[in-house]
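Novice: the following block contains a protein sequence and its predicted model.
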Amino acid sequence: MKKAFLVPAVATLMLAACSDDAGDNGGRTLPPVDSGATDTGNIEDSGAPSDGAPSDGAPGEAGPTCPTNPPVEEVTADVAANTTWTCAKTYVLKKFVEVKPGATLTIQAGTVIKGVKGSGAESVTGLAVLPGAKILAMGTKAQPIVFTSNQPTPQRGDWAGVMILGKAKSNHQKTDGSATEVFPEGLASKPQFAYGSNGSDRDDDDSSGELHYVRVEWAGYQLTVGNEINSFSFYGVGRGTKVDHLEVLHGFDDAFEWFGGTMNAKYLLAQSTNDDCFDMDNGYSGKLQYIICNRDDVDGGGNGFEVDNDANGSNNQPYTNPTIWNATLVGKGGTATTEGGHGAHIRRNARGKWSNVLAVNWPLSGLFVEANLDSSKNPIPGSGCEKNVTDGTLVIQSSNFGGTTKNGNNAFSTGLLGEASRKLTSRSLAEAMISDAKSSAPSFALKAGSPMLTGGAAPPSDGFFDDAGKDFIGACGTSCAEFEGWTRFE
């Protein structure tokens, strides 16, 4: 769970998320970054943004021609005017680069951006798109955009990651219940990073731009113990932002975290991240479809999903209320040695709807729906998320949550899994018949005959969800082509 400081807009800003646990950084020597841009040649920077339609890099598509060994350009200043980064260069971030309000940063397909390894809060590098700014990261399946470490032997947490801050609502409130702006925590005071609130000045339809086919590697910076930045951090990002085909590889803290906002996304992959794969807080109410979490054996004790209304389980609104369809959550197996290890940990008064979710191989449990805790940190039966299930504001349907030793972490979760009307049953990794989730080049497709190829629920016909997801439980049916060709696993 991450924290945030509630402070006036003119006061101190802290700019990162915190985590409950940390683990092995997993340093290793890797082959050169593969962005898929293997042709030689140069291109000129036209500075013209594309129309934003996501591309699969199909034959005949006019993609950029990129040099094999592009020259390096060090980025030492913020982006204050419309700027285009092309694959004709490798960009090295020498600071925490801010895209300023009114400016648009366009990143061409095949471009590689590297963060310099930090040595403390004042030297951390990363990219932050501020409220009122835009990013157009226009990768393709054939030529994804890659953000990575500049180290020859990279480690988790070498650099910060990508932060997007928008103008949509969060549920942060002052002690008197009135709306307030809020800042991410952990860095120096920067009032321009203010985001969120549930005030009338918020815009849930706000657009922070577009992200298509983007991979973030070796990010998630630890500022101090308990204060980390995630690989992808979304703060109050609105539903006008277009997002699909994102991967996090070897992140230090959470792979993806949402703090409020209404952003929707498809085709997200969290591979070998050290904490939670998908963390949602402070009124996030977006839609997600086709998402995968795959935990590595050396990972820390995080969860597939960790979902909270806020740190206190309050009734602050808007409630954290995501709608999730088609997710595959593969745990690391074995025995959890730190906090975490659930396929989904839903707690602190969160709401939402989870459909067609497959969770297998989790050390503690497939599902933990948690009641509120009393002052001694003992659960209060029938409160919090347990009450939300009873009230129908927290719905889990047409899904299979299986752990290594048990499917529910408590009696309530076990009972929920046993309700035939919800089509929830126990499935191990082998029983689910996933093609190959634990090799160096995994496939999350289902084998013919998998029990996960039946029992799915049809998603809403609302213009966002893809109806094909009704035919299976998990992120993939017998094909997982949308996660092939642009992803990396080592």
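Specialist: That came through, no problem.

Novice: and residue 292, its phi and psi?
Specialist: phi -130, psi 140 (degrees, to the nearest 10).

Novice: OK, contacts around it?
Specialist: Taking CB atoms under 8 Å, 6 or more residues apart in numbering, we find residue 292 in contact with 268-271, 327-330, 444, 475-476, 483. To be clear about C-beta, it is placed using only N, CA and C from the backbone, and glycine gets the same treatment.

Novice: how about a cut-off of 6 Å?
Specialist: By CB atoms under 6 Å, 6 or more residues apart in numbering, the residues touching residue 292 are 269, 328, 444, 475.

Novice: what about residue 165, distance to residue 140?
Specialist: 26 Å (CB to CB, to the nearest Å).

Novice: let me fix that: residue 443
Specialist: Remark: distance between residue 443 and residue 140 (CB to CB) = 21 Å.

Novice: what do you get for residue 439?
Specialist: The gap separating residue 439 from residue 140 is 26 Å, by CB to CB.

Novice: the residue nearest in space to the middle of the chain bridge partners, please.
Specialist: Taking CA atoms, centre = their mean, the centroid of the chain lies closest to residue 256, which sits 1.9 Å from it. Following DSSP bridges, residue 256 is listed with bridge partners residue 232, residue 278.

Novice: quick one: the helices in the chain?
Specialist: Assigned by DSSP state H, the chain shows helices spanning 384-391, 411-417, 429-432.

Novice: residue 443 and residue 140 - which one has more neighbours?
Specialist: Set residue 443 next to residue 140 and count neighbours by other CB atoms under 10 Å: residue 140 wins out with 25 against 16.

Novice: just the endpoints, please. Distance across stretch 72-85?
Specialist: Across stretch 72-85, the terminal residues are separated by 12 Å (CA to CA, to the nearest Å).

Novice: distance between it and the chain's centre?
Specialist: 25 Å (CA atoms, centre = their mean, to the nearest Å).

Novice: what does stretch 90-103 give?
Specialist: Distance of stretch 90-103 from the chain centroid (CA atoms, centre = their mean) equals 21 Å.

Novice: for the chain, longest strand please?
Specialist: The single longest strand within the chain, with elements called by DSSP state E, is strand 352-362.

Novice: what's it in contact with?
Specialist: Contacting residues not belonging to strand 352-362 are listed as 321-331, 333, 341-343, 366, 395-403, 427, 429, 432, 452, 456-457, 473-474 [CB under 6 Å, 6+ apart].

Novice: what mean pLDDT does it have?
Specialist: Averaging pLDDT along strand 352-362 yields 94.

Novice: sheet partners, orientation included, of it?
Specialist: Here strand 352-362 has these sheet partners by DSSP bridges: strand 323-330 (parallel), strand 394-397 (parallel), strand 400-403 (parallel).

Novice: quick check: which of the ones you listed is nearest to residue 463?
Specialist: Between residue 463 and these, the shortest separation by CB to CB is 13.2 Å, and it involves strand 323-330.

Novice: can you list contacts of that closest one?
Specialist: Residues contacting strand 323-330 (CB under 6 Å, 6+ apart): 287-294, 304, 343, 353-359, 361, 437, 444, 459, 465, 469, 474-475.

Novice: try 7 Å this time
Specialist: By CB atoms under 7 Å, 6 or more residues apart in numbering, the residues outside strand 323-330 that reach it are 287-295, 304, 343, 352-361, 437, 444, 459, 465, 469, 474-476.

Novice: same question for stretch 478-487.
Specialist: Contacts of stretch 478-487 (CB under 7 Å, 6+ apart): 36, 141, 144, 213, 245, 247, 267, 269, 290, 292, 443-446, 448.

Novice: show the average pLDDT along it.
Specialist: Average pLDDT, stretch 478-487: 97.

Novice: buried stuff in it?
Specialist: Within stretch 478-487, the residues that count as buried by 16 or more other CB atoms under 10 Å are 480, 482-483, 486-487.

Novice: if we can go back for a sec, ok, of the contacts of stretch 478-487, which come out buried?
Specialist: Among these, those classed as buried by 16+ other CB under 10 Å are 36, 141, 144, 213, 245, 247, 267, 269, 290, 292, 443-446.

Novice: can I get these in a markdown table including distance to residue 123?
Specialist: As requested, the buried ones among the contacts of stretch 478-487 are exported to a markdown table (distance: CB to CB, whole Å):
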| residue | distance to residue 123 |
| --- | --- |
| 36 | 31 |
| 141 | 35 |
| 144 | 28 |
| 213 | 30 |
| 245 | 31 |
| 247 | 26 |
| 267 | 33 |
| 269 | 29 |
| 290 | 37 |
| 292 | 33 |
| 443 | 40 |
| 444 | 37 |
| 445 | 43 |
| 446 | 45 |
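
Novice: looking at the residues you listed, which are in strands?
Specialist: Per DSSP E, the buried ones among the contacts of stretch 478-487 map to strands at 213, 245, 247, 267, 269, 290, 292, 443-446.

Novice: hmm, which two among those are most spread apart?
Specialist: Farthest apart among these - using CB to CB - are 213 and 446, which lie 23.9 Å from each other.

Novice: how near is the residue nearest to the centre of the chain to residue 282?
Specialist: Distance from residue 256 to residue 282, counting by CB to CB: 15 Å.
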